[in-house]
Structures are given as C-alpha cells and as structure tokens.
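In: Got a sequence here, can you build the structure:
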Amino acid sequence: MRFCGSALSSNKMLGRWALVCGLVVSCSGTAPHAAHVAQPALAAPPASKEAPNASATAVAVAAAAEAQAPDAEPIAPARTELVLSDEPMRDVIVRFDPAACSDNNEGTELEIEIRIDDKVWDTLTVGTDNAPASCAEYGRTVELGDYNFDGHQDLAVPIDNAGSYWGPTFAILLYQPLTGHYLEAPKLTALTRENLGLFRVDPKRKRLTIFNKSGCCIHYQSDVAVAGDAPTVVSSQVESIIYDGENATCRVTLERTLPNGKTLTTSRRCNKNEQQ
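Out: Coordinates of the predicted model:
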C-alpha cells in the first residue's frame, strides 16, 4: 500500500473508504485496485519416513565447502627472534625455528637481518649444520672488525657450533662502501668452519691468523692475506710435541713455510707446561 502525503491529506474521506473496502487509492489519482489479501500458508508436506544418510550428507557438505572455499594460506611456524647487536644506529637480528635448538638437530635456516635507523637494511639466510649458536647465551654476540682491511667495519655473526672440534662458526659480512650494504664473504665464512673459531685480526700487518689442531699435540697456524673478499694463505707453521716415553724426553718441532715458499724447521726441548 502506498500513500502520498498530499493525496492523503486532501482525500481523507476517500482514504477511509478505500481502507474499509479493501482498496488502495493510487497517489496519482488513477482507479483503485484490489488490495492484496494474505493467503493462508499451505501445510508443509509430510516428512519422508526414510531418514537421509547422515554420513553421505556430511561428506557432500564438506565437499561443497571445500570446492567453494579458497585455498587456505599455510600457517607459518613460530620463529625465535633475537637482537644480537643493539647499537645506536645499527641492529643485528637473527630468526630461526625454536625447534632447531634440540640436541639432535641436523641443521636449519638462520635468517640474519640488519637494521639501520630502525629500517630493514639487509636480509640474508645461511644454513646451519646443527643447532644455531644463538640457542645459547654465549652464541649471541656479534664480533666487529675490519676483516678485509679496507678501512670499514665488518660483522661476524654466529651461525652454529659445527667448526673444527665443534667450535663456533661465523657468517662474515663485509661492508660495501659504495652501496652502504653488507654482503656475506663465503670464503671468509669457510675459514671459520674449517678452523678453530673466528680468526685473529692483525691490523698492522693486515693479516688474519687462523688456528687448528690435530689431537693434543699438533697445532697449526696460518697467516692469511685478504684481497676484496678472497683469502690467501701466505705463511704457515706446524708445531708438533713429540713424547718419547722410553727415554722420558719431550721435544717440540716447529716447521714454518715462509711467503717465498721456503721451509724452516726448528726443534727444542719441551717446557714444563708442554711436558704435562
């Protein structure tokens, strides 16, 4: 039923008559027509005596829902996030799967993020051979140094403890002065995997010194020059402690390989500490 304000006010009597008689007066003044009379609702058909198969219905509903629902995004696993270096302008953050800290872990991915002035600056991912070093407190320190002797500070970020004799390994990130970003130097990273921990830096001689050993009595030491991101061994020495139980003697043999390729060998008696 429709009413227009002007028509209703000017035709009050007509409106009453129309309502009483079941007619609707058109606001345009056209002839009245019969009002719609609600019909009684029809009775619902009797329910089927045979109950539907609930299992089949559930399967059909599930299949229909699966067909209509969009592919669900996989839920990302929880990640441990640690700030290893919190400096006034630069932060170093690592992320990894917390399950990787279990004793029987065979390795995982370690995400390293560098932020400058609270903005993501560089992100890279390295693989670990066992639990990430940052699972333990002692593995949460970023070492700083000029590792390629270009006058700019570089970063050594702990990776894991899969180095020689289960020593710590590091991702060596070299600062790029032309872009202001950091790039990993894989060959320098490999030095930490193949030797005992992080190398020693000698800024005066512009040399890195790496250390290794074989058992208790053979020790290796090498001086390494770096050009860009490529290390080269320029000299080395092998120190061997030789015990002679029958004669109760102990001697230390030192074999040096010089930068010119020549080899010098010296021998001396063990001191008191070496005899123990």
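In: Go ahead and confirm Ile112 touches Gly127.
Out: No: judged on Cβ atoms under 8 Å, Ile112 makes no contact with Gly127 at a distance of 11.8 Å. Backbone N, C-alpha and C define where each C-beta goes, glycine included.
In: For these two, work out which one has more neighbours and name it.
Out: Shown here are Ile112 and Gly127; by other Cβ atoms under 10 Å, Ile112 has more neighbours (24 against 10).
In: For stretch 149-166, measure first residue to last.
Out: Stretch 149-166 has an end-to-end distance of 28 Å (criterion: Cα to Cα, to the nearest Å).
In: Pull out the buried positions in it.
Out: Phe149, Asp154, Leu155, Ala156, Val157, Pro158, Ile159, Asp160, Asn161, Ala162, Gly163, Ser164 (16 or more other Cβ atoms under 10 Å).
In: the longest strand in the chain is where?
Out: strand 230-244 (DSSP state E).
In: which residues of the stretch 151-276 of the chain score low on pLDDT?
Out: Applying pLDDT under 70 to the stretch 151-276 of the chain picks out residues 276.
In: what do you get for the stretch 1-150 of the chain?
Out: Checking the stretch 1-150 of the chain against pLDDT under 70 turns up 1-77.
In: Correct me if wrong: Leu258 contacts Leu264.
Out: Yes: using Cβ under 8 Å, Leu258 makes contact with Leu264 at a distance of 6.8 Å.
In: what sits up against stretch 121-130?
Out: 96, 100, 105-115, 159-162, 171, 173, 180-182, 184, 189 (Cβ atoms under 8 Å, 6 or more residues apart in numbering).
In: Recalculate using a threshold of 6 Å.
Out: Here stretch 121-130 makes contact (Cβ atoms under 6 Å, 6 or more residues apart in numbering) with 105, 107-115, 159-160, 162, 171, 181-182, 184.
In: now swap in stretch 144-151 and tell me
Out: Counting by Cβ under 6 Å, 6+ apart, Gln153, Asp154, Ile172, Leu174, Val201, Lys206, Val226 sit against stretch 144-151.
In: now the end-to-end length of it.
Out: Termini of stretch 144-151 sit 13 Å apart (Cα to Cα).
In: Offset the numbering so it begins at 58, please.
Out: Got it, the first residue is 58 from now on, which makes the last one we talked about stretch 201-208.
In: what about that stretch, distance to the chain center?
Out: Distance of stretch 201-208 from the chain centroid (Cα atoms, centre = their mean, to the nearest Å) equals 26 Å.
In: that older thread, what residues of the longest strand of the chain count as buried?
Out: Pro288, Ser292, Ser293, Gln294, Val295, Glu296, Ile298.
In: Going C-terminal from that strand, what's the next secondary structure element?
Out: Proceeding N to C from strand 287-301, the next assigned helix or strand is strand 306-314, under DSSP states H and E.
In: Give the pairing partners of that next one; include direction for each.
Out: Sheet pairing here is set by DSSP bridges, and for strand 306-314 it gives strand 287-301 (antiparallel), strand 320-326 (antiparallel).
In: show me what contacts Ser292?
Out: Contacts of Ser292 (Cβ under 6 Å, 6+ apart): Asp280, Leu315, Pro316.
In: residues of the helix or strand harbouring the first one that come out buried?
Out: Think Asp280. Taking DSSP H and E as the criterion, Asp280 maps to strand 275-284. With burial defined by 16+ other Cβ under 10 Å, the residues of strand 275-284 counted as buried are His276, Tyr277, Gln278, Ser279, Asp280, Val281, Ala282, Val283.
In: What is the burial count for the nearest residue to the last one once chain neighbours are set aside?
Out: Distances taken as Cβ to Cβ, 6 or more residues apart in numbering put Asn205 closest to Val283, at 4.6 Å, once the chain neighbours are dropped. Around Asn205 sit 22 other residues, with neighbours defined as other Cβ under 10 Å.
In: May I have the secondary structure class of Asn205?
Out: Classification of Asn205 using DSSP: H, G, I helix; E, B strand; the rest coil returns coil.
In: how close does it sit to Ala282?
Out: 10 Å (Cβ to Cβ, to the nearest Å).
In: ok, back up a step: of the buried residues of strand 275-284, closest to Ala135?
Out: Relative to Ala135, the closest of these is Val283; by Cβ to Cβ it sits at 38.9 Å.
In: Distance of the closest one relative to Thr310?
Out: The value you get for Val283 to Thr310, if Cβ to Cβ is used, is 30 Å.
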